[in-house]
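Colleague: need coordinates for the below:
(chains A, B, C and D)
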There are 2 protein chains.
Amino acid sequence: MTTARSEQSRRVDYSESTRNALVDSAVTLFTDNGYAATSLDAVARGARVTKGALYHHFSGKQALFEAAFDAVESAVSARLVQVVTGPGGAWERAMEGVRGYVNVCLEPSYQRIVIHEGPVVMGWDRWREAEDRFSFGLVRATLEALIEAGEIEALPVETTARVLFGALSTGATIIAGAPDPERAGAEVLLTIERVLVGMRAAGPR
Amino acid sequence: MTTARSEQSRRVDYSESTRNALVDSAVTLFTDNGYAATSLDAVARGARVTKGALYHHFSGKQALFEAAFDAVESAVSARLVQVVTGPGGAWERAMEGVRGYVNVCLEPSYQRIVIHEGPVVMGWDRWREAEDRFSFGLVRATLEALIEAGEIEALPVETTARVLFGALSTGATIIAGAPDPERAGAEVLLTIERVLVGMRAAGPR
DNA sequence: GTTTGCGGCATACCGCCGGTATGGAGCACA
DNA sequence: TGTGCTCCATACCGGCGGTATGCCGCAAAC
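Modeller: As a prediction, the model looks like this:
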């Protein structure tokens, strides 16, 4: 790692590092205090720079939020892809994906920045676009795989995937806010599984 | 209606009227521009008063939002109760309730204030409490009725109701944002119905 | 009818925060 | 060694949530 990045000049190294520090600081503060209650001065302080640096790298508070959003989503998606593309049949991989996604939703950063504040801060349309490239895209792909494998009967993929995605994130929110997360997690998984099994319908295997 | 309210003094009539005007103005502006982009001066102007009046009736912006929230929810709940307590068996009433709720979710005020910004502005815990007294309470009660009538097999009511509620509101959001709401509405209803039918499971009738 | 109290609201003002304008420091390239 | 451009700091502005203060008029007390 010491001699890496030798391709680019030292100057852009510094710049990248500053930008990353700003994003990290933003993720932390947005997660802890929410978008509205987080001041840009605080974000800059957390990255040990001033607002001038922040406005050099980002056009404004919204753009900073979107950068934080992308950072969280990228990390999460990378992990989920591993789970969903593992060994086993389509059904097993899907169920494994459900478990994996619920786990992801338990992380405070994902829950607050991506699920809760994302649609409000970015606007629902833009949030929807962004989601297509990340975790929702995975849910949709998994559902398509299930249909292609004949595990569940054909249905409007886009709509079903959206509704399922909503059910999943809602479930994860329940778990995170429950007094007994262990128990709540089991119940949520059972509920989602029951829904999927119900869709298995006519001739599953 | 002319001689109504004769019990209370003219002064409190004025006060109530002012308060209602503020809430109405808040509902309109929060719906159109969202919480963050709505200034209290604008709300006051919309009610043809000043910020002094606003702060006399409400402790701050959050309290004003909650008043708007309650106003929207009250109107909606009243309508939904009519639908759910209509004639017919438990299953029919439930399906009718689903259709009714999806319709409710199509109203911009309900969608933006209650579903989208509510959890963010009020905080998820407080939003959850408030919801118990309104539309979520209805979903839960309907689900309980279904179980009691033996239409679907027993399951953890609270969790299932929450997940179902999430699926419903997500579905409504899809419809509202779809290029062809007619078609999207049909698909969402079909999806939710299929989920519920899947739960009907073992031996309903 | 006069006085007194107080609820209902307007006006003026403060501090914080998002955003902008400006300038300086240092690397790259000629 | 100039020259330009990237990267960032400093200083400042305007808007908005929130507060302090005071007036106006109804209503009860006498």
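Colleague: quick one: pLDDT of whichever residue of chain A sits closest to DNA strand D?
Modeller: Ranked by C-beta to the nearest atom of the strand, the top residue of chain A for proximity to DNA strand D is A:Gly52, at 2.0 Å. (C-beta placed from N, C-alpha, C; glycine too.) Per-residue pLDDT puts A:Gly52 at 96.
Colleague: look up how far B:Glu66 lies from it.
Modeller: Noted for A:Gly52: a distance of 38 Å to B:Glu66, by C-beta to C-beta, to the nearest Å.
Colleague: equivalent analysis for A:Thr18, please.
Modeller: A:Thr18 is 40 Å from B:Glu66, by C-beta to C-beta.
Colleague: now the residue nearest the centre of chain A: which helix or strand?
Modeller: For chain A, the residue sitting closest to the mean C-alpha position, by C-alpha atoms, centre = their mean, is A:Glu73 at 4.1 Å. A:Glu73 is part of helix A:61-84, with elements assigned from DSSP states H and E.
Colleague: can you list the domains in chain A?
Modeller: According to automatic domain parsing, chain A comprises the domains A:9-58, A:61-200.
Colleague: and these, which is most packed in?
Modeller: domain A:61-200 (a mean of 18; mean count of other C-beta atoms under 10 Å in any protein chain shown).
Colleague: hmm, A:Ser109 is touching A:Val27, no?
Modeller: Yes. With contact defined as C-beta atoms under 8 Å, A:Ser109 counts as touching A:Val27 (5.8 Å).
Colleague: and for the two, which residues touch both?
Modeller: Shared contacts of A:Ser109 and A:Val27 (C-beta atoms under 8 Å, 6 or more residues apart in numbering or on different chains): A:Val72.
Colleague: so which bits of chain A are right by DNA strand D?
Modeller: For chain A, the residues found near DNA strand D under the criterion C-beta under 7 Å from any atom of the strand are A:11-12, A:14-15, A:18-19, A:44, A:49-53, A:56-57.
Colleague: what ranges do the helices span in chain A?
Modeller: A:10-33, A:40-46, A:51-57, A:61-84, A:90-105, A:108-109, A:118-122, A:124-132, A:135-148, A:157-177, A:181-200 (DSSP state H).
Colleague: not counting sequence-adjacent ones, nearest residue to A:Tyr101?
Modeller: A:Leu168 (5.6 Å; C-beta to C-beta, 6 or more residues apart in numbering or on different chains).
Colleague: now do the contacts for that neighbour.
Modeller: Applying C-beta under 8 Å, 6+ apart, we find A:Leu168 in contact with A:Val98, A:Tyr101, A:Val102, A:Cys105, A:Val139, A:Ile192.
Colleague: thought the third one was touching A:Val188?
Modeller: Read it as A:Val102. Yes. With contacts counted by C-beta under 8 Å, A:Val102 reaches A:Val188, the gap being 6.5 Å.
Colleague: between the two, which contacts overlap?
Modeller: Common neighbours of A:Val102 and A:Val188, using C-beta under 8 Å, 6+ apart, are A:Gly171, A:Ala172, A:Ile175.
Colleague: and which of those is nearest DNA strand C?
Modeller: For the shared contacts of A:Val102 and A:Val188, the minimum distance to DNA strand C (C-beta to the nearest atom of the strand) is 27.8 Å, reached by A:Ala172.
Colleague: quick one on the thing from earlier: got the contacts of A:Leu168 as JSON lines, with distance to DNA strand C and pLDDT columns?
Modeller: Compiled in JSON lines, these are given as follows (distance: C-beta to the nearest atom of the strand, whole Å; pLDDT from 0 to 100):
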{"residue": "A:Val98", "distance to DNA strand C": "37", "pLDDT": "94"}
{"residue": "A:Tyr101", "distance to DNA strand C": "31", "pLDDT": "93"}
{"residue": "A:Val102", "distance to DNA strand C": "32", "pLDDT": "91"}
{"residue": "A:Cys105", "distance to DNA strand C": "27", "pLDDT": "90"}
{"residue": "A:Val139", "distance to DNA strand C": "32", "pLDDT": "95"}
{"residue": "A:Ile192", "distance to DNA strand C": "37", "pLDDT": "93"}
